[in-house]
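> quick check, what structure comes out for this input:
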Amino acid sequence: METSVGVILKKIFSLTLIFNALITIAAVAGIIFGFYMAYPYWQPYAPWLINGNLFWFVIVAAIINIFPSAAIGRALHTGRFMFHHYVYGFFVLLSSSAFVTVFTPIPLHSLFLVESNSVVVNVGRIFELAGLTLVLDDLPDVNKKIERGLNWIKSKAYQVRKSLHVFQFATGCFAFYCGLSILLDTIGNSDRALPNSFAIVSLLLSGVTSFAFAKRKAWLKITPPQSQ
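Take a look at the predicted model:
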């Protein structure tokens, strides 16, 4: 029988995977925004990366990884501490949004699109993503309409599960390639080591996560939602 410690560790692992997927999306969103704003004068991480548009596949990889990552946690029985943890997620989101609005010069809607090495800005970003992680992990419990909508999406995903399985591996290759390209570019441009480190780690981890879920056939094992 699995110990409570083991259950908690698996839950933390599930939340970490969701959090990393969101970091990947946030990091790549900023790169894509900069790429299009400077186009055609900036080709990100050339010559290692052949085209900046490949980052769109990284976003797809992160999105595809979120469902099986959340499924790991939802299969566990961790109990509740006073509330569903989406309550804490919304609290963190609102608090961090207020923090960003009051204490940073960056508008909230541009928080992940503007490059900044400010500690205050990056703390705001981390807490925004942490709050969103808690909400996404517990999203079906927020509202019955949301649960029905997610079940509808799951039923559609079940119909194309074989394609999702292939896409998970393929887009994981792009995530790993893009992460490796940033790493190689950073080796030759060491002053970018710190700001690039989050993107490098999150993209490489997203690639490895995609490979692991593809090996486990996570999307092929998806079951259609029970009719209510």
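> can you name every helix or strand that the longest helix anywhere in the chain contacts?
Using DSSP state H to define each element, the chain has its longest helix at helix 4-38. Packing partners of helix 4-38 (3 or more CB pairs under 8 Å, 6 or more residues apart in numbering; DSSP states H and E): helix 55-74, helix 119-137, helix 193-215. C-beta here means a position set from N, CA and C on the backbone, and glycine is covered the same way.
> list the buried residues in the one helix or strand residue 175 maps to.
Assigned by DSSP states H and E, residue 175 belongs to helix 161-187. The neighbour-count check on helix 161-187 (16 or more other CB atoms under 10 Å) flags 161, 164-165, 167-169, 171-172, 174-183, 185-186 as buried.
> wait, residue 28 touches residue 57, no?
No - in this structure, residue 28 is not within contact of residue 57 by CB atoms under 8 Å, at 9.5 Å.
> more crowded one of those two?
residue 28 (26 against 19; other CB atoms under 10 Å).
> would you turn the helices and strands packed on helix 4-38 into CSV with mean pLDDT and distance to residue 15?
Below are the helices and strands packed on helix 4-38 laid out as CSV (pLDDT from 0 to 100; distance: least, CB to CB, whole Å):
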stretch, mean pLDDT, distance to residue 15
helix 55-74, 93, 6
helix 119-137, 94, 6
helix 193-215, 95, 13
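> nearest to residue 222, of those helices?
Nearest of the helices and strands packed on helix 4-38 to residue 222, taken as CB to CB: helix 55-74 at 8.0 Å.
> just the CA atoms of that closest one, as CSV, please.
C-alpha atoms of helix 55-74 as CSV (Å, rounded to 0.1, in the frame of the first residue of the first chain):
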residue,chain,number,x,y,z
PHE,A,55,8.8,27.6,-31.2
TRP,A,56,5.1,27.2,-32.0
PHE,A,57,5.7,23.4,-31.9
VAL,A,58,7.2,23.9,-28.4
ILE,A,59,3.9,25.5,-27.3
VAL,A,60,2.0,22.5,-28.7
ALA,A,61,4.3,20.1,-26.9
ALA,A,62,3.7,21.9,-23.6
ILE,A,63,-0.1,21.9,-24.0
ILE,A,64,-0.1,18.2,-25.0
ASN,A,65,1.9,17.5,-21.8
ILE,A,66,-0.5,19.2,-19.4
PHE,A,67,-3.3,16.7,-19.5
PRO,A,68,-1.2,13.5,-18.7
SER,A,69,0.7,15.6,-16.1
ALA,A,70,-2.5,16.5,-14.4
ALA,A,71,-3.8,13.0,-14.7
ILE,A,72,-1.0,11.7,-12.5
GLY,A,73,-2.2,14.0,-9.7
ARG,A,74,-5.9,13.4,-10.2
